[in-house]
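Trainee: turn this into a model:
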Amino acid sequence: MKLTKIIVLMIALIPVKSMAVDYELSLGQTQYKQSNNGTWFQEAFPYTVDLNSINWSAGVSHKFDSVPRVRAEFVNLGKASADAWAVPIDAYYNTNSNECVGRCLPLARFQSSGSVKGIALTIAPEMKFGDFSVFVEGGIYIFRPTYSAVVTNVRWTYEAEPITVYTKHNTTTQMTYVMGLVVRYKQVEFVARYYDVEAADDDVPAVYLGAYSASVRFRF
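Mentor: Residues are numbered from 1 along each chain as shown. Below you'll find the model as predicted:
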């Protein structure tokens, strides 16, 4: 199901009487959790991995009478990337010993990147401490990851001429969990979350296995 259809369905399911919602915007920092050795980089050879990105979200929330605060928001976790020199055939590299299996093939350059965007649906019980409120938040994250790579100087044998290979992650919409902690003071909230995201249901995985985020949310 496409994200646009999911958004339309969410709106259709909101009762008319509950439309008095809080509008929210947030901005913060994402720290992706690095994938395993051998996924777009090999520890024996030079590589750089950039797992830090700006994140933002926009959404609505509402405090129903009988349940904790319910929130629906679009969340862009930002970009992750890797730039590495590596043996182009996995079978020729041992990730445990970080050594080539036999003679090393000529190294290829792997430049890969991707991003995560989706819809978060959460519920957050509130605990009040004077002017402050603390929320323990949990829910689902419906997302569609993207990941692509350009691999240059690829040689499948020692004598072959180098070629360039282009590949990308093709996936369907996925659903996972999100959990976090929120501290509110007046109309401002400080949010820490973990998203269990990865692009692993295809033969082109991502360089990340999850995402931590810290952000400031403003309510209107």
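
Trainee: and Y212, how many neighbours?
Mentor: As a burial measure, Y212 scores 16 neighbours (other Cβ atoms under 10 Å). (Each C-beta comes from the backbone N, C-alpha and C, glycine too.)

Trainee: what sits against it?
Mentor: Contacts were defined as Cβ atoms under 8 Å, 6 or more residues apart in numbering; by that measure Y212 touches 30-33, 192-195.

Trainee: so how far is V191 from it?
Mentor: Between Y212 and V191 the distance, using Cβ to Cβ, to the nearest Å, works out to 11 Å.

Trainee: now the common contact residues for those two.
Mentor: Between them, Y212 and V191 share no neighbouring residue, with contact defined by Cβ under 8 Å, 6+ apart.

Trainee: just to revisit the earlier point, output the contacts of Y212 as TSV; include the columns neighbour count and pLDDT.
Mentor: As requested, those are exported to TSV (neighbours: other Cβ atoms under 10 Å; pLDDT from 0 to 100):
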residue	neighbour count	pLDDT
T30	26	98
Q31	16	98
Y32	28	97
K33	17	96
A192	15	98
R193	25	98
Y194	15	98
Y195	25	97
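
Trainee: just the ones in strands from those residues, please.
Mentor: Among those, DSSP state E puts 30-33, 192-195 in strands.

Trainee: closest to V21 out of those residues?
Mentor: Of all the ones in strands among the contacts of Y212, the one sitting nearest V21 is R193; the distance, using Cβ to Cβ, is 20.4 Å.

Trainee: let me know the pLDDT of the residue of the chain positioned farthest from its centre.
Mentor: Relative to the centre of the chain, the most outlying C-alpha is that of E159, 39.5 Å out, by Cα atoms, centre = their mean. Note on E159: pLDDT of 87.

Trainee: contacting residues around it?
Mentor: When the contact criterion is Cβ under 8 Å, 6+ apart, E159 has no partners at all.

Trainee: what about it, which SS state?
Mentor: What DSSP: H, G, I helix; E, B strand; the rest coil gives for E159 is coil.

Trainee: could the contacts of Y212 go into JSON lines alongside distance to S148?
Mentor: Formatted as JSON lines, the contacts of Y212 follow (distance: Cβ to Cβ, whole Å):
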{"residue": "T30", "distance to S148": "19"}
{"residue": "Q31", "distance to S148": "22"}
{"residue": "Y32", "distance to S148": "16"}
{"residue": "K33", "distance to S148": "20"}
{"residue": "A192", "distance to S148": "30"}
{"residue": "R193", "distance to S148": "26"}
{"residue": "Y194", "distance to S148": "25"}
{"residue": "Y195", "distance to S148": "20"}
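
Trainee: with respect to R69, which of these is nearest?
Mentor: Nearest member of those to R69, counting by Cβ to Cβ, is R193, at 15.0 Å.

Trainee: settle this for me: that closest one is touching S213, isn't it.
Mentor: Yes. Using Cβ atoms under 8 Å as the test, R193 is close enough to S213 to be in contact (4.8 Å).

Trainee: isn't P125 right up against P68?
Mentor: Yes. Judged on Cβ under 8 Å, P125 makes contact with P68 at a distance of 4.1 Å.

Trainee: quick check: neighbours shared by those two?
Mentor: The overlap between the contact sets of P125 and P68 (Cβ under 8 Å, 6+ apart) consists of F135.

Trainee: with neighbour numbers in mind, choose between the two.
Mentor: Counted by other Cβ under 10 Å, P125 and P68 do not tie: P68 has more neighbours, with 15 against 12.
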